[in-house]
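> this one's sequence-less:
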């Protein structure tokens with residue numbers, strides 16, 4: 001933003017604010033998702049444990065019934081919980097905000113920006129976008145692995161992967177736009 005004045009500077013400052021807000025919102029969605037996944041894993045363990053305890057108890061109860069051993073006290077072999085643990089629903093909604101890059105008009109506006117500084121920003125932005133793209137791949141694989149391994153969990157509205165992809169597209173469009181300004 002140093003030495004950057006005019007209409008493009010205003011649009012750039014707004015784009016930076018939107019970009020920062022989007023990153024914060026995505027981080028919040030991912031943090032909440034991580035907690036929901038952790039809770040879902042705990043519930044899944046509870047359900048597995050319940051089923052592990054219930055099946056042998058039912059077999060013992062059937063044997064007692066077959067042998068008319070109803071006199072065995074329920075206190076000596078209490079029935080485990082017979083209703084299932086409710087499968088949680090996980091939701092993770094994110095989509096980036098729109099960024100305005102053009103103010104309209106003839107397109108012949110001038111800017112007092114330092115082209116070298118803009119190109120440096122473009123270079124750094126593309127490098128960070130590449131890093132985030134690698135992180136997106138890790139997150140996409142982790143989510144896919146979780147949903148494959150834990151199909152018991154219900155998926156609510158889950159748009160964070162496509163939203164993350166859109167965020168990277170917006171970042172790339174910012175870089176292209178600033179490159180044109182430079």
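Now that the structure is in, tell me what you want to look at. Keep in mind the model is a prediction, meaning the values are calculated, not measured. Numbering: from 1, shown residues only.
> From here on, just use CA atoms for contacts and neighbour counts.
Will do.
> so how many other residues sit close to residue 125?
The local packing of residue 125 (other Cα atoms under 10 Å) involves 16 other residues.
> how about the nearest residue to it, chain neighbours excluded?
For residue 125, the nearest residue in space outside its immediate sequence neighbours is residue 175; the separation is 6.6 Å by Cα to Cα, 6 or more residues apart in numbering.
> what about the strands in the protein?
Across the chain, reading from the start of the chain, the strands by DSSP state E fall at 89-92, 154-158.
> how about low-confidence regions in the chain?
By pLDDT under 70, the low-scoring segments of the chain are 69-75, 103-111.
> ok, residue 16 to residue 145 distance?
34 Å (Cα to Cα, to the nearest Å).
> Neighbour count: these two, which is higher?
Neighbour comparison, residue 16 and residue 145: the larger count goes to residue 16, with 16 against 11 (by other Cα under 10 Å).
> Contacts only, for the more buried one.
Contacts were defined as Cα atoms under 8 Å, 6 or more residues apart in numbering; by that measure residue 16 touches no other residue.
> now with 10 Å?
Applying Cα atoms under 10 Å, 6 or more residues apart in numbering to residue 16 gives the contacts 1, 10, 22, 99, 171, 174.
> a markdown table please, covering the residues you listed and showing distance to residue 32 and neighbour count.
Output for the contacts of residue 16, formatted as a markdown table (distance: Cα to Cα, whole Å; neighbours: other Cα atoms under 10 Å):
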| residue | distance to residue 32 | neighbour count |
| --- | --- | --- |
| 1 | 33 | 14 |
| 10 | 33 | 15 |
| 22 | 15 | 20 |
| 99 | 25 | 18 |
| 171 | 23 | 21 |
| 174 | 28 | 22 |
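> Thanks a lot, catch you later.
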